[in-house]
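*Asks:* Next input, structure requested:
(one chain, ligands or ions: 2)
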Amino acid sequence: MSERLRLGVNIDHVATIRNARGGDHPDPVRAAEIVAAVGGDGITAHLREDRRHIRDDDLERIQKATDLPLNLEMAGTEEMLAIALAHKPHAACIVPEKREERTTEGGLDAAGLHNQLAPIVWKLADHGIRVSLFIEADERQLEAAQRLRSAVVEFHTGEYAHAGLDGDSERAARELERIARMSKLAREMGIEPHAGHGLTYENVKPIAAIPELAELNIGHYLVGEAVFVGLEAAVRRMRDLMDEARA
Ligand SMILES: CC(=O)[C@@H](O)[C@H](O)COP(=O)(O)O
Ligand SMILES: NCC(=O)COP(=O)(O)O
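*Replies:* Ligands and ions are numbered 1, 2, ... in the order given. From the prediction side, this is the model:
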């Protein structure tokens, strides 16, 4: 692929720190401004149904703060559809949500939820919002995304990340191969593949080296690193690693 691999920075966990005290510091909007200034390609924000981090009023402020495209992550519900249509982000990525989960645990069952998802996907697209489905790197889910006419899929890299943390290099290699194979198939199907969840300095390069991928969405690790080195340096380092992987 000739296109440069984009970095979408997920600023959810700046809001997690803010909400820990119920105030307005650190402001995720300031994070978005830093991401824009340092050359990030987009902002990702997950407005969860329980509002545990990003809140409704953050969305408009983020959109006003920078010209970067906003990728709104949302559950596939009527509530979130109405919010997306009101804010008209550049993109909406439909992700599965369970209230009890600590973080996103897997991909959306696009195949099993076709009838529920179709009107939401098509309404978003009709309003000029680029739709992405957050799915496992699985052919059945990819075919379901095609049936839903989703322009983008974002492959869940959580299992790849967990395998690395477990020191299970064979499992990590299998996950990487699966993501690479599905990225290639997505392109053949006319779907733009992205990837994200659990990516770090240590594990990002093999994913970034997959030539069919157009975008990585990375958040929790960058916010963690920012605690020690600052958000600008954290994003710069991740950007450099992604560029090294494509060199
Ligand atoms: C879908 C995804 O992988 C990220 O948006 C992740 O959900 C970050 O938010 P949480 O850490 O609240 O899950
Ligand atoms: N969709 C993945 C994302 O936005 C960021 O996930 P993470 O890096 O916070 O795990």
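*Asks:* what sits against the residue nearest the centre of the chain?
*Replies:* Central residue of the chain (CA atoms, centre = their mean): residue 217, 4.1 Å from the mean position. Shown in contact with residue 217 (CB atoms under 8 Å, 6 or more residues apart in numbering): 8, 9, 10, 44, 71, 93, 154, 194, 195, 196, 197. C-beta: built from backbone N, CA, C; applies to glycine.
*Asks:* and residue 72, that one's in a helix?
*Replies:* No. Judged by DSSP: H, G, I helix; E, B strand; the rest coil, residue 72 forms no part of a helix; its state is strand.
*Asks:* now the contacts of residue 217 as a markdown table including secondary structure?
*Replies:* What follows is the contacts of residue 217, written out as a markdown table (three-state DSSP):
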| residue | secondary structure |
| --- | --- |
| 8 | strand |
| 9 | strand |
| 10 | strand |
| 44 | strand |
| 71 | strand |
| 93 | strand |
| 154 | strand |
| 194 | strand |
| 195 | strand |
| 196 | strand |
| 197 | coil |
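*Asks:* Those residues: which ones sit near ligand 1?
*Replies:* Taking CB under 6 Å from any ligand atom, the overlap between these and the neighbourhood of ligand 1 is 10, 196, 197.
*Asks:* Please work out the average pLDDT along the longest helix along the chain.
*Replies:* Longest helix in the chain, counting residues (DSSP state H): helix 169-188. Regarding helix 169-188, the rounded mean pLDDT is 98.
*Asks:* For it, what is the distance to the chain centroid?
*Replies:* Helix 169-188 has its C-alpha centroid displaced from the chain centroid by 17 Å (CA atoms, centre = their mean, to the nearest Å).
*Asks:* pull the CA atoms of it into CSV?
*Replies:* The C-alpha trace of helix 169-188 is given here as CSV (Å, rounded to 0.1, in the frame of the first residue of the first chain):
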residue,chain,number,x,y,z
SER,A,169,5.1,-15.9,21.0
GLU,A,170,3.4,-18.7,19.0
ARG,A,171,0.0,-17.4,19.9
ALA,A,172,1.0,-13.9,19.1
ALA,A,173,2.4,-15.0,15.7
ARG,A,174,-0.8,-16.8,14.9
GLU,A,175,-2.9,-13.7,15.8
LEU,A,176,-0.5,-11.6,13.7
GLU,A,177,-0.9,-13.9,10.7
ARG,A,178,-4.7,-13.8,11.1
ILE,A,179,-4.7,-10.0,11.1
ALA,A,180,-2.4,-9.8,8.1
ARG,A,181,-4.5,-12.4,6.1
MET,A,182,-7.8,-10.6,7.0
SER,A,183,-6.3,-7.2,6.1
LYS,A,184,-5.4,-8.5,2.7
LEU,A,185,-8.8,-10.0,2.2
ALA,A,186,-10.5,-6.8,3.4
ARG,A,187,-8.6,-4.8,0.7
GLU,A,188,-9.7,-7.4,-1.9
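*Asks:* ok, residues contacting it?
*Replies:* 1, 137-139, 142, 153, 155, 157, 159-160, 163-164, 192-193, 195, 203, 206-207, 210, 212-213.
*Asks:* same thing but at 7 Å, please
*Replies:* Helix 169-188 has contacts (CB atoms under 7 Å, 6 or more residues apart in numbering) with 137-139, 142, 153, 155, 157, 159-160, 163-164, 193, 195, 206-207, 210, 212-213.
*Asks:* check contacts around residue 239.
*Replies:* Contacts of residue 239 by CB under 7 Å, 6+ apart are 7, 39.
*Asks:* Can you say which helix or strand has it in it?
*Replies:* Using DSSP states H and E, residue 239 maps to helix 231-246.
*Asks:* repeat for residue 132
*Replies:* strand 130-135.
*Asks:* which other residues reach that strand?
*Replies:* So strand 130-135 is contacted by 90-95, 107-108, 110, 121, 124-125, 141, 145, 148, 150-156, 194 (CB under 7 Å, 6+ apart).
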